[in-house]
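K.L.:
Provided below are the primary sequence and the corresponding predicted coordinates.
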Amino acid sequence: MVPNSAGDGSGSNGTGYLERQFYPHQEAQATSWTRTPDGRYKPPQEAFLAWVQDGSFNSDIDPAVPIINWLHQIMATNNLQWSTVLTKKSVVLSLFDNAEVITQAQCFKDITKAGGSTGIADTRHDDYDISRVLSHFRQGPSNMELTMPELAKKLCWLLGVCGFMRPDDIYCTDVARSGIVRDPEVRITPCIRYSKDLTKPLLSTTISVYMKTITRLMVPPGVRFPKLRALGSTLAALAGVPVADIMVQGHWSSPKIFEKHYRLSSATANNISLSTLGSL
């Protein structure tokens, strides 16, 4: 956020302009150079005007200040892409007759330039505890005693968390290229099938419902359901598994894909502060 920049209310940098711009009834001559919201861009322009008129700014500030603050607020609140923010910037600037003066303000140049930088990573701290699900598995019936649908739910959930597999991945698994080794007595049950007709596979939509049925055991009311692919890879990272190994398991082409789209928590596997201080 940019602090309010006080001025004498008459400078060429637009100081004192906001009161004349947004409150034309307070100055008789303001109507000759005050613009009203354009029909094409009315929603964002009116949102900005309402935000300014809320009383956060006085008449002695540079108009670049509220524009910058509003843009960064909506970007953080609505998780907007920087390209969208730049579009809204142009829409808001069209309200002003001296837009070219506003954009030349140094604070406007500096912050709009920094706003598009990808150097600052968003921190996330979504915390999910899978112990309830694991307890449910351990305390429930054995696999041999589970019904076909219940066994399918359990398997789909484990494949999602441990295999980073999406419902579509499970649905499209090539059975001919799959197998189980190291156990000659294993009996394979085709549980990823329609239980009433084993010749038909489970659709990805049904697999997704199965996954959510198990995930519901660990997600408190009001908390969004995580994607199991994201949950499993995040838990692996928090357990100290190298990102390179997570990339291979998730079939991602670069660490950026995992960090930007799948990692649910920015926490690290080690306490960096203790490690740093312990070395002194």
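P.N.:
Cool, got the structure.
K.L.:
in this protein, which spans are helices?
P.N.:
Taking DSSP state H as the test, the helices found in the chain are 17-22, 42-51, 64-78, 82-93, 99-103, 106-115, 131-139, 148-162, 167-171, 204-215, 228-238, 243-250, 255-257, 272-278.
K.L.:
Looking at stretch 127-139 now, give me its mean pLDDT.
P.N.:
Across stretch 127-139, pLDDT averages out at 92.
K.L.:
what does stretch 269-280 give?
P.N.:
The pLDDT scores in stretch 269-280 average 75.
K.L.:
Using the record's assignment, carve this protein into domains.
P.N.:
Annotated domains of the chain cover 17-115, 131-262 [automatic domain parsing].
K.L.:
Mean neighbour count and distance to residue 278 for these - can I get that in CSV?
P.N.:
The C-beta positions use only the backbone N, C-alpha and C, and glycine is treated the same way. Shown next, in CSV, are those (neighbours: other Cβ atoms under 10 Å; distance: least, Cβ to Cβ, whole Å):
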stretch, mean neighbour count, distance to residue 278
domain 17-115, 15, 35
domain 131-262, 15, 18
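K.L.:
so can I have TSV of those domains showing distance to residue 270?
P.N.:
TSV is the format used below for the domains of the chain (distance: least, Cβ to Cβ, whole Å):
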stretch	distance to residue 270
domain 17-115	29
domain 131-262	8
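K.L.:
which of those has the lowest average pLDDT?
P.N.:
Mean pLDDT is lowest for domain 17-115 among the domains of the chain, at a mean of 72.
K.L.:
list the contacts for the closest residue to residue 41 other than its chain neighbours?
P.N.:
Nearest residue to residue 41, sequence neighbours excluded (Cβ to Cβ, 6 or more residues apart in numbering): residue 91, at 4.2 Å. Neighbouring residues of residue 91 by Cβ atoms under 8 Å, 6 or more residues apart in numbering: 41, 44, 45.
K.L.:
can I assume the second one is in contact with residue 88?
P.N.:
Yep, that's residue 44 we're talking about. Yes - the pair residue 44 / residue 88 is scored as a contact, 5.1 Å apart, by Cβ atoms under 8 Å.
K.L.:
Quick one: closest of the domains of the chain to residue 272.
P.N.:
Ranking the domains of the chain by proximity to residue 272 (Cβ to Cβ) places domain 131-262 first, at 13.2 Å.
K.L.:
now, which of the contacts of residue 91 sits nearest residue 170?
P.N.:
Out of the contacts of residue 91, the member with the shortest distance to residue 170 (by Cβ to Cβ) is residue 44, at 42.3 Å.
K.L.:
mind putting the helices of the chain in TSV, distance to residue 178 included?
P.N.:
Below are the helices of the chain laid out as TSV (distance: least, Cβ to Cβ, whole Å):
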stretch	distance to residue 178
helix 17-22	66
helix 42-51	52
helix 64-78	43
helix 82-93	43
helix 99-103	59
helix 106-115	48
helix 131-139	22
helix 148-162	11
helix 167-171	11
helix 204-215	16
helix 228-238	19
helix 243-250	16
helix 255-257	25
helix 272-278	41
